[in-house]
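S.K.: Predicted model follows, preceded by the sequence.
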Amino acid sequence: MSYVIEVRQIYKDYQTAAGAFPVLKDVNLTIERSDYVAIMGPSGSGKSTFMNILGCLDRPTAGEYFLDGHQVSQLSGNDLAQLRNKTIGFVFQGFNLLARSNLLDNVALPLVYSGVDKKMRHERAEQVLIKVGLGSYLNSRPSQISGGQQQRVAIARALVNEPRLILADEPTGNLDSKTSEEIMQLFDSLNKEGISIVLVTHETDIAEHAKRQVRFLDGKIVHDSYAQSAVMEVS
Amino acid sequence: MFTAMLGEAWHAMGANRMRTFLTMLGMMIGVGAVVMMMAIGEGAQQSIKKSISSMGSNLFIVLSGPPNTAGARSATGNALSLNVKDADAIAELDGVAGVAPTTMGSAQVIYAGNNWNTSIIGTTPSYMEIRDWVIDDGYVFSNSDMRSATRVALIGKTVADNLFGDDTDPVGKTIRIKQSPFLVVGVLNPKGQSLDGRDQDDTIIVPLTTAQRKLFGNQVPGSVRMMMVQAESDKAMPQAEEDINNLLRQRHNIREGSDSDFSVRNLTAIANTAAETTRTMALLLGAIASISLLVGGIGIMNIMLVSVTERTREIGIRMAIGARERDILLQFLLEAFVISIVGCVIGILIGVGGAMLVKSFTGTDAVVTTQSITLAFAVAASVGIFFGFYPARKAARLNPIEALRYQ
Ligand SMILES: Nc1ncnc2c1ncn2[C@@H]1O[C@H](COP(=O)(O)OP(=O)(O)OP(=O)(O)O)[C@@H](O)[C@H]1O
Ligand SMILES: [Mg+2]
């Protein structure tokens, strides 16, 4: 069985003035292709820390992480950058678009780092912008469109390099419930196309969109809906 | 990839035009100063070289009057210690190629109502060879002119222009020097400025005998103020200098230990010293100007550091979507590079313009060489890379998570 994500006994400590401060304690998780996972849990439970590790932006203090078959701890900085560029698409709570560039250039940016030429970059960026419903805003600036639209641009940027996996840390955190719903429908359709999605949310109705719910508490996974159903099947 | 980065750099620079401009201004001033100072230095060197080559080679000048005070005393007009016989004796020495006894003065010259005050050199035909001076038109007076003290004159370009204007050919015309008529037999080839800045073409050369008898008659016959002596070669100069000294002391019956009543100066050595001084001055000018280039570079570094801090979040975003360390490094390095190169190009224009202004307002030569432009370019590029590197590396080494969290 090939997993997109395979996390084994991950620990993460932050060094603080008061000594090592454990944030993740023995986290284990496997995520299959085309899975759709919602991570929930109280503030400070380590969700973002975990997402950063999944996104190869941070390294665990101990434990093994395999992303798409690659043992991440063995990879160099450049290899990690490649993975972030080709395999993963990030969607952030605060959209994180480049204010100075227009939507087309924002979406095309990951392609710059994979060496795609300009014509091709713009073609593909336009395609994904059309796909997320922003085909008529190609030359607008992020400040000229609404929050929901900005998040669509961010999703388009995450999609442009055709990733296996989308990681979204509270993608609807800055949006009202109606816009959140629209964004979630976009995620749903992407998942149907076969892209694995892992998202963090505080809202149950958002989490309901996912196939699988995972709950963090105090740096540990305390609930996994798949494990639950497996348990139920056995009993 | 590279062109995309270049575009980004351009974009980033455009986002904060005033700041970019001010940063560039530092570079422009630096490069402009370097180009201009080098142009002035080069101009000075070239004009010195021209003066030196117009002087003639391997030259001594022998002056009447004791060493050190010769210049001061000659002005007071006391008795001249050198004479034509001394010149003949020096001419016999080994290693001496030629001697031209010379007397000088100034006089009013008139032609057809045009008045001009100029210097008169009374000398022998050998003067022309020693000074490597040729005639554009006409002929040089001869030794027989010397013997019979004919009233003939060779006139310099400046004198010709002022007396005759453009239309008249001076050769064959009669001018009046101190009221007495002189036939112009030749026009001297222009030599330009001398080492001490005099116009060498503002002069009239007449036979020595004519000058002594008919123009400056108050002098003892045969005595001269100075002699130009040419050595056969550069190598012969030290020996020739010693021989001239010994010979004249002997001829003037000067006892051992007492001062000479003449002085011998090595003009070629003086000229070389002048050239060396100019070269040092040019180097110094360039060095001082380079400091402003350095200051410009520090300005770039400063602004790049500010820019990296301001754009921390952007850097985080770029890293998250797949920028490698070297992509970030390149981006910021390129930005510093573009700022310095654009500043440099404008600076070169400013420098060239400044050099032209200096030339037209002060008359000093200012020569912009391709070398100085290439140098300015190379230095500016290295300054951009050197001072851009630290901020760029700082950007590339940012932690992506912290950068993303930065507000
Ligand atoms: N760089 C850091 N240095 C020290 N402690 C950190 C650092 N980053 C996070 N932490 C700590 O790790 C813990 C988990 O943080 P994390 O951001 O993962 O929580 P979270 O579950 O995402 O919370 P929220 O729901 O509020 O986003 C927190 O207690 C936080 O204080
Ligand atoms: Mg969080």
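M.R.: Structure's in. What do you need? Ligands and ions are numbered 1, 2, ... in the order given.
S.K.: So for chain B, the centremost residue is which one?
M.R.: Centroid-nearest residue in chain B: residue B:44, 2.4 Å away (criterion: C-alpha atoms, centre = their mean).
S.K.: what does chain A give?
M.R.: Residue closest to the average C-alpha location in chain A (C-alpha atoms, centre = their mean): residue A:167, at 0.6 Å.
S.K.: What's the separation between that residue and ligand 1?
M.R.: Relative to ligand 1, residue A:167 is positioned 13 Å away (C-beta to the nearest ligand atom, to the nearest Å). Just so you know, the C-beta spots here come from the backbone N, C-alpha and C atoms, and that holds for glycine as well.
S.K.: Make sure that residue is actually in contact with residue A:55.
M.R.: Yes. Using C-beta atoms under 8 Å, residue A:167 is in contact with residue A:55, at 5.0 Å.
S.K.: anything in contact with each of those two?
M.R.: A:88, A:90 (C-beta atoms under 8 Å, 6 or more residues apart in numbering or on different chains).
S.K.: Can you name the residues of the stretch 251-400 of chain B that neighbour chain A?
M.R.: By the rule C-beta under 8 Å from any C-beta of the partner chain, the part of the stretch 251-400 of chain B lying against chain A is B:313-314, B:316-327, B:400.
S.K.: residues near residue A:99, how many?
M.R.: Residues near residue A:99, counting by other C-beta atoms under 10 Å in any protein chain shown, number 11.
S.K.: re the thing from before, average pLDDT for the helix or strand harbouring the residue nearest to the centre of chain A, rounded please.
M.R.: Here residue A:167 sits within strand A:165-169, counting by DSSP states H and E. Throughout strand A:165-169, pLDDT has a mean value of 96.
S.K.: Can you name every helix or strand that that strand contacts?
M.R.: Packing partners of strand A:165-169 (3 or more C-beta pairs under 8 Å, 6 or more residues apart in numbering or on different chains; DSSP states H and E): helix A:47-54, strand A:88-91, helix A:147-159, helix A:177-192, strand A:196-200.
S.K.: what's the closest of those to residue B:272?
M.R.: Smallest distance to residue B:272 across the helices and strands packed on strand A:165-169 (C-beta to C-beta): 70.7 Å, for helix A:147-159.
S.K.: Chain neighbours aside, what residue packs nearest to residue B:389?
M.R.: Take residue B:389 and drop its neighbours on the chain: the residue closest to it by C-beta to C-beta, 6 or more residues apart in numbering or on different chains is residue B:333, 6.4 Å away.
S.K.: For the one you found, list the residues it contacts.
M.R.: Residues near residue B:333 by C-beta under 8 Å, 6+ apart: B:385, B:388, B:389, B:392.
S.K.: Just give the number of residues close to whichever residue of chain A sits closest to chain B.
M.R.: Nearest to chain B in chain A, going by C-beta to the nearest C-beta, is residue A:85, at a distance of 2.4 Å. The number of residues packed near residue A:85 is 23, by other C-beta under 10 Å.
S.K.: Do me a favour and average the pLDDT over stretch A:23-39.
M.R.: Taken as a whole, stretch A:23-39 has an average pLDDT of 95.
S.K.: end-to-end on that stretch?
M.R.: Taking C-alpha to C-alpha, to the nearest Å as the measure, stretch A:23-39 stretches 16 Å from start to finish.
S.K.: For chain A, what is the nearest residue in the stretch 1-150 of chain B?
M.R.: Chain A sits closest to residue B:4 of the stretch 1-150 of chain B, with a gap of 4.8 Å, by C-beta to the nearest C-beta.
S.K.: Now for that residue, how many residues are close by?
M.R.: Residue B:4 is flanked by 20 other residues according to other C-beta under 10 Å.
S.K.: Residue A:110 is in contact with that one, correct?
M.R.: No. Using C-beta under 8 Å, residue B:4 is not in contact with residue A:110; the gap is 11.9 Å.
S.K.: ok, back up a step: where does the residue of the stretch 1-150 of chain B closest to chain A sit, in terms of helix or strand?
M.R.: helix B:2-15.
S.K.: cool, and residue B:102?
M.R.: Using DSSP H and E, residue B:102 sits in strand B:96-111.
S.K.: Would you mark the buried spots in that strand?
M.R.: Applying a neighbour-count criterion of 16 or more other C-beta atoms under 10 Å in any protein chain shown, the buried positions in strand B:96-111 are B:96, B:97, B:98, B:99, B:100, B:101, B:102, B:103, B:104, B:107, B:109, B:111.
S.K.: Ok, stretch B:257-270 next?
M.R.: Neighbour counts over stretch B:257-270 (16+ other C-beta under 10 Å) mark B:261, B:262, B:263, B:264, B:265, B:266, B:267, B:268, B:270 as buried.
S.K.: tell me the domain boundaries of chain B?
M.R.: B:2-51+B:273-405, B:80-260 (automatic domain parsing).
S.K.: mind listing what the residue nearest to the centre of chain A touches?
M.R.: With the criterion set at C-beta under 8 Å, 6+ apart, residue A:167 makes contact with A:51, A:54, A:55, A:88, A:89, A:90, A:91, A:198, A:199.
S.K.: What ranges does chain A have for its helices?
M.R.: Using DSSP state H, the helices found in chain A span residues A:47-54, A:77-86, A:103-112, A:118-131, A:147-159, A:177-192, A:204-207, A:225-234.
S.K.: Give me the contact list for the third one.
M.R.: It stands for helix A:103-112. Contacts of helix A:103-112 (C-beta under 8 Å, 6+ apart): A:85, A:97-98, A:101, A:120-122, A:124-126, A:128-129, A:134, A:137-142, A:145, A:153, A:156-157, A:160-161, B:1, B:4-5, B:318, B:321-322.
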